[in-house]
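J.: 3D model of this:
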Amino acid sequence: VQLVESGGGLVQPGGSLRLSCAVSGSTFTIDVMGWYRRAPGNQRELVAAITTGGDSTDYADFVKGRFTISGDNAKNTMYLQMNSLKPEDSAVYYCNAQSLKQQSIYWGQGTQVTVSS
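T.: Sure, this is the predicted structure:
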């Protein structure tokens, strides 16, 4: 399984960005996908997660009401719509995929999001 993120960049506080994660390879093995982030000096933290069926989502408290995770199975792509961005949202955002049966975890290379005026 290969994951490639895109969509990061520089945005002003209060602005929006949409991250994309293109998935290739043995996509049928994936059960859960998510977005994590790591800011300088901090540990990597979960931002949001979604089951591949799209029937269940989970969000970190610090993004609830601002971020939306979604997926398009036909395009093998996962998205993270980020609204009302704050400077503290600045981080490298990573796409994650997990196969429960195979006990495997996959990571993308990350995309930088910077929120600054």
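
J.: residues in contact with the residue nearest in space to the middle of the chain?
T.: With distances taken as C-alpha atoms, centre = their mean, the residue of the chain nearest its centroid is W35 (2.6 Å). Neighbour list for W35: 19, 21, 46-49, 69, 78, 80, 93-96 [criterion: C-beta atoms under 8 Å, 6 or more residues apart in numbering]. The C-beta positions use only the backbone N, C-alpha and C, and glycine is treated the same way.

J.: tell me the confidence at it?
T.: Per-residue pLDDT puts W35 at 98.

J.: what comes up buried for stretch 59-76?
T.: For stretch 59-76, burial by neighbour count (16 or more other C-beta atoms under 10 Å) applies to Y59, V63, F67, T68, I69, G71.

J.: typo on my end, it should be stretch 19-29
T.: In stretch 19-29, counting by 16+ other C-beta under 10 Å, buried: L19, S20, C21, V23, T29.

J.: and if you look at stretch 44-54?
T.: Buried residues in stretch 44-54, defined by neighbour count with 16+ other C-beta under 10 Å: V47, A48, A49, I50, T52.

J.: ok, which pair from those residues is furthest apart?
T.: Across the buried residues of stretch 44-54, no pair lies farther apart than V47 and T52, at 17.5 Å, counting by C-beta to C-beta.
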